[in-house]
Each structure stands twice: as structure tokens, then as C-alpha cells.
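K.L.:
quick one, what's the 3D model for this:
(one chain, ligands or ions: 3)
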Amino acid sequence: MTAAPMSPDQVLAEFRDAGALLEGHFILSSGLRSPVFLQKMAIFSEPPRTERLCRALAAAIEAQFGKIDIVVSPAIGGIVPGYETARHLGARAIFVERDPGGPFTLRRGFQIPAGQRAVIVEDIVTTGLSARECLAAIRSEPGEIVGAACLIDRSGGRGEIGVPFVSLVTLDIPAYPADALPPELAAIPPVKPGSRALPKA
Ligand SMILES: O=P(O)(O)OC[C@H]1O[C@H](OP(=O)(O)OP(=O)(O)O)[C@H](O)[C@@H]1O
Ligand SMILES: O=C(O)c1cc(=O)[nH]c(=O)[nH]1
Ligand SMILES: [Mg+2]
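P.N.:
Ligands and ions are numbered 1, 2, ... in the order given. Below is the predicted model of the structure:
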């Protein structure tokens, strides 16, 4: 596969132009709070934009990890970029999903057979928790998990997944524990955009 790489500025321009850079008070999947949310579904609702970004991600994956047979993504956010990245890699696309409130599992007959090389594809990494949970769900599969990848790593490079990791852009976006909010963030009512269930109060 040959593809021109996308610069970090080009990746961010796609998010900006799609209206995917949101400001407010957001409850993240990890429970952390942030004044910034990357609404990836604003990207994934536009196939040409998704194609450009995932073609670049596929090229970065192939450069880092070599030939890939299977892309595995955490639902819901990872499903569309996982599929589109797999299309550019000539790979199969599968996903892990949760029963409500439960851990990720491989269902629907999805497998990573012996001899196959798999990569995890995430949309956004904040703490790496979802990607680590995806890895835990597929670790016992017979095939090899060679690495992980995402469009935007907003952890400042501090997100740990447990396998080698590549992203199109690394940003360091503030995120705070709920009991340590700066006053200007505490003044805004929080919203929770993602699909992970909030912990019981
Ligand atoms: O690195 P982390 O701290 O895990 O945060 C990033 C994760 O949060 C979002 O998923 P979310 O659980 O909100 O659900 P979604 O995929 O349905 O949007 C996003 O899609 C990543 O999977
Ligand atoms: O950490 C998250 O849950 C998260 C952050 C972000 O910017 N976008 C997203 O979809 N999820
Ligand atoms: Mg997700």
C-alpha cells in the first residue's frame, strides 16, 4: 500500500472542519473530566473524511507493524475507523463489545486464528483504558496481537496499552479527576457523550 502521510495539522484540520472539536465540560470514558471533547462521530458520519484519515492510519500501521491480517476495535467508537482502516490494509475487521456495564468480549463468531497478525484500532486514546480492556478481551486468542493504533492520542503520549502503539497525532489535552476540577470547569454542567455506562452513584 502506498499513501501520502497526513501531517498532524492536516489531521486536526479534518476534526476542526467536521465540527468535531467541542468545548464544554465532558465526562470521559475513564471518568476523568475535560473541557475538550473530540467528537469522532462527526468525522465518521462523513465517509470521505473517514477514508482520508483511515488511509493515513493504515499506512502508519503498515510502516510500524508490517502485514496485518485482522483489525480489532473496541465498540462503539472504534467500529467505523476499524473497518475503514482494515479496508486500506486489505485486512478483516472485527470488534469487541460490552454487555451493558460489563467487560469487552469477542462475540458474533469473531476469532483471531493461529498464524494471523492482529492490530487494535481505536478512535481516540485518552488514558488507554478502553484499548487495554480490548487487549484483555483478545489476549487468549491463538493469533498474535502485534500492536495498537488510533487517530488521536490525547494523553500526551502517557497512555499505556501494553503493546506497541502508533497514532496520527499526539496531543496533551487537560483532563481532571472529578474531585479536582478547576473552578471554570466546575461551573459548567457536565455531559457524557460516550457509550460506557456511568458508575452507579
Ligand atoms: O483511552 P480511554 O480513557 O479509554 O478513552 C478513550 C475511549 O473513550 C471513548 O469511548 P467510550 O467508552 O466513551 O465509548 P464510545 O466508543 O461508544 O464512544 C473512545 O471511543 C475511546 O474508546
Ligand atoms: O476519553 C474519552 O472518553 C474521549 C475523549 C474524546 O476526546 N473523544 C472521545 O470520543 N472520547
Ligand atoms: Mg470507544
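K.L.:
okay, CA-based contacts and neighbour counts for the rest of this
P.N.:
Fine.
K.L.:
ranges for the strands of the protein?
P.N.:
21-27, 33-38, 70-74, 92-98, 104-106, 117-125, 144-153, 165-170 (DSSP state E).
K.L.:
next one: residue 48 from residue 149, what distance?
P.N.:
Separation of residue 48 from residue 149 (Cα to Cα, to the nearest Å): 20 Å.
K.L.:
more neighbours: these two, which one.
P.N.:
When residue 48 and residue 149 are compared on other Cα atoms under 10 Å, the one with more neighbours turns out to be residue 149, at 29 against 11.
K.L.:
quick check, the more buried one in contact with residue 166.
P.N.:
Yes. Taking contacts as Cα atoms under 8 Å, residue 149 lies within contact range of residue 166: 4.7 Å.
K.L.:
hey, what's in contact with both of the two?
P.N.:
Residues touching both residue 149 and residue 166 (Cα atoms under 8 Å, 6 or more residues apart in numbering) are residue 61.
K.L.:
mean confidence for the longest helix seen in the chain?
P.N.:
Longest among the helix segments of the chain by residue count, using DSSP state H, is helix 47-65. Averaged across helix 47-65, the pLDDT comes to 98.
K.L.:
close enough to count as contact, residue 145 and residue 117?
P.N.:
Yes. Applying Cα under 8 Å, one finds residue 145 in contact with residue 117, separated by 6.1 Å.
K.L.:
need the contact list for residue 42.
P.N.:
Counting by Cα under 8 Å, 6+ apart, residue 42 makes contact with 15, 18-20.
K.L.:
quick check, nearest of these to ligand 2?
P.N.:
Using Cα to the nearest ligand atom, residue 20 comes nearest to ligand 2 of the contacts of residue 42, at 9.0 Å.
K.L.:
okay, now the nearest residue to the closest one once chain neighbours are set aside: neighbour count?
P.N.:
Using Cα to Cα, 6 or more residues apart in numbering and skipping the chain neighbours, the partner closest in space to residue 20 is residue 39 (4.6 Å). As a burial measure, residue 39 scores 19 neighbours (other Cα under 10 Å).
K.L.:
check contacts around residue 39.
P.N.:
Residue 39 makes contact with 20-22, according to Cα under 8 Å, 6+ apart.
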